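output the structure for:
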Amino acid sequence: MLAKHINCNAKLTDRDKNGDDRWKPRFLGLGAANYDIRNLRIHRISWGGTKMQAVADLHIHGPYSRATSRNMDFKTLERYAEIKGIDVIATGDFTHPKWREEIKNQFIEEDGLYRLKCGGGKRRFIISGEVCTSSVFKGRTRRIHHLILLPSVEVADQLSEVLGKRGDLGADGRPMLMMSGAELVEAVMDFGEHNMVIPAHIWTPWFSLFGDRGGVDKMEECYEDQTPHIYAVETGLSSDPPMNWRVSALDRCTLVSNSDSHSPSKIGREANIIEVDALSYRDLVEAIKYHKERVITIEVEPAFGKYHWTGHRNCGVSVPPEEAIRMKGVCPVCGKRMTKGVAERVEELSDRPPGARPKDAQRFFKVLPLIDTIAVALRKSPSSSEVEAEYWKMINAFGAEIRILLEVPVESIKERHGDAIAEAIRLNRENRIEVEPGYDGVYGKPKNDRGTNGATEARERFFRKRTNLEDYI
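All right, here's what the predicted structure looks like:
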């Protein structure tokens, strides 16, 4: 069991004795209250092979980022990483001064990665953060998100001092910086060759490298003479490797996938299995930079993402790329411009047909999250008490979520959880769960094999509360 306090000598309060609410399972805030995750049995995944294979989620956000759960503290993140099967998880938001102080106070450095001082420290954290650069290119303002990986909090201090001259780092965990992508990369690389800048969720309509509403058409238009320092790109929820393979200019880059999570339950929904000689920052980064064959991505079905198809959320209109092109991007209900989806944007920039595969294409898994898979099987909302209770029973029985999704024999699942859930797991592994594509900030909706929608009322309520453009990223 993990210790409950960062201060090892602190006494338990009455609240602690009765159980801190943060340790109750939370997906959309409902149900399964009797399943205290502190007492679940967790089993490590063994991937085999001669090298160590670490599951890494390199992009999350802390509590100082906009629209992020208050439960994104490091102790909770470590416990959820264990539940999800994540070996290395991002700290997120290193640029925020208060979050960086928490990193210094709560962690011990080991081989360029960090472990909690108290509570076991079973998982490793990597110093990471996301920033948004804003600059003008060809008469248009380009706001683009970039993921940064660093080998130490000392480098984070030094880099933050420089970046703080270009924006208010205390205003948001993901700050806006008045500089170009090239200037950002130059600043990051000035502090060491092992630092990394990775274009984040590169196809998202807003705030991404190739985004229709603020991005560019070529990587060089963003990073200019610093482009050789870009070794990897992040696919994002709304695209997968085959979609990225259609753009030959990306062949030189390693594809990585991360959760970009704003709440503990969402970490690991996309992740990477990275083959390394040792669990160290340098081994992880060198595998990403120079050995893409050692990086396997775990992806969701891209239709599950919030921007896969073109559409207009206010009018409930969503259309596939060919229809969007025929309609010239105009909403047939109100006549306003629709939000161009990732699938349509890939069509615009691709120089290869669908199904093209580079000779050095990376391996990947494509699976929906376990909670959504159970919801499909039970024909319930992912936030329902029945679905959440079944989720925690499966975690207690079989261990980490990634192991359940990819490794546990279907017959074993059937014996403990019945035909419906076992069949849903099998269909998920075979990528045969149909998903109604997401569009304009609305997540895709998984269906079962007979075409029955999984209920999504809680998600729809969630999206109706969003009022700021950045909240949809």
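
show me where the stretch 351-473 of the chain has helices.
370-378, 385-398, 401-406, 410-429, 457-464 (DSSP state H, counting those that start in this stretch).

outside of the longest one, which residues touch it?
Translated: helix 410-429. Residues from elsewhere that reach helix 410-429 (C-beta atoms under 8 Å, 6 or more residues apart in numbering): 367-368, 373-374, 376-378, 390, 393-394, 397-398, 404-406, 408, 433, 448-449. C-beta here means a position set from N, CA and C on the backbone, and glycine is covered the same way.

report the buried members of those residues.
367-368, 373-374, 376-378, 390, 393-394, 397-398, 404-406, 408, 433, 448 (16 or more other C-beta atoms under 10 Å).

out of the helices of the stretch 351-473 of the chain, which is the most enclosed?
Counting by mean count of other C-beta atoms under 10 Å, helix 370-378 has the highest mean neighbour count of the helices of the stretch 351-473 of the chain, with a mean of 26.

shaky segments in the protein?
For the chain, the stretches flagged by pLDDT under 70 are 1-50, 119-120, 448-473.

let's check: the centremost residue of it is which one?
Centroid-nearest residue in the chain, with C-alpha atoms, centre = their mean: residue 259, separated by 1.1 Å.

tell me how far it lies from residue 56.
11 Å (C-beta to C-beta, to the nearest Å).

please enumerate the shared neighbours of the two.
residue 271.

adding distance to residue 86 as columns, could you present the helices of the stretch 351-473 of the chain in a markdown table?
Shown next, in a markdown table, are those (distance: least, C-beta to C-beta, whole Å):
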| stretch | distance to residue 86 |
| --- | --- |
| helix 370-378 | 14 |
| helix 385-398 | 13 |
| helix 401-406 | 8 |
| helix 410-429 | 19 |
| helix 457-464 | 23 |
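
may I ask you to confirm that residue 99 is in contact with residue 93?
Yes. Taking contacts as C-beta atoms under 8 Å, residue 99 lies within contact range of residue 93: 4.8 Å.

which one of the two is surrounded by more residues?
residue 93 (28 against 24; other C-beta atoms under 10 Å).

before we move on, what SS does the closest residue in space to that one that isn't next to it in sequence have?
Once flanking residues are discounted, residue 93 sits nearest to residue 173: 3.4 Å by C-beta to C-beta, 6 or more residues apart in numbering. State at residue 173, reduced to three classes by DSSP: H, G, I helix; E, B strand; the rest coil: coil.

figure out which of the helices of the stretch 351-473 of the chain is closest to residue 195.
The minimum distance between residue 195 and the helices of the stretch 351-473 of the chain falls on helix 401-406, with 28.1 Å, by C-beta to C-beta.

which residues touch that closest one?
By C-beta under 8 Å, 6+ apart, the list of residues contacting helix 401-406 reads 43, 45, 55, 83-86, 268, 271, 298, 365, 367, 369-370, 373, 394-395, 398, 413, 425, 428-429.

let's go with 6 Å and repeat that
Helix 401-406 is contacted by residues 45, 84, 85, 367, 370, 394, 398 when judged by C-beta atoms under 6 Å, 6 or more residues apart in numbering.

again with stretch 188-197
146, 148, 149, 150, 151, 155, 158, 159, 185, 229, 285.

swap in stretch 172-186?
61-62, 64-66, 93, 95-96, 130-135, 144, 163, 166-167, 169, 197, 222-224, 226, 229.

now swap in stretch 60-72 and tell me
For stretch 60-72, with C-beta under 6 Å, 6+ apart as the criterion, the contacting residues are 22, 90, 92-93, 96, 99, 172-174, 261-264, 267, 470-471.

from those residues, list the buried ones, please.
22, 90, 92-93, 96, 99, 172-174, 261-264, 267, 470.

what's the closest of those residues to residue 383?
The nearest one, if we look at those relative to residue 383 and count by C-beta to C-beta, is residue 263, at 12.4 Å.

which one is the closest one nearest to, not counting chain neighbours?
Distance criterion C-beta to C-beta, 6+ apart; nearest residue to residue 263, sequence neighbours excluded, is residue 69 at 3.9 Å.

three-state assignment of the one you found?
Applying three-state DSSP: residue 69 is coil.

residue 261 versus that one, what's the distance?
9 Å.

what's the answer for residue 294, then?
Counting by C-beta to C-beta - residue 294 and residue 261 are separated by 24 Å.

now swap in residue 363 and tell me
23 Å.

same thing with residue 51?
Taking C-beta to C-beta, one finds residue 51 at 27 Å from residue 261.

what do you get for residue 378?
24 Å.
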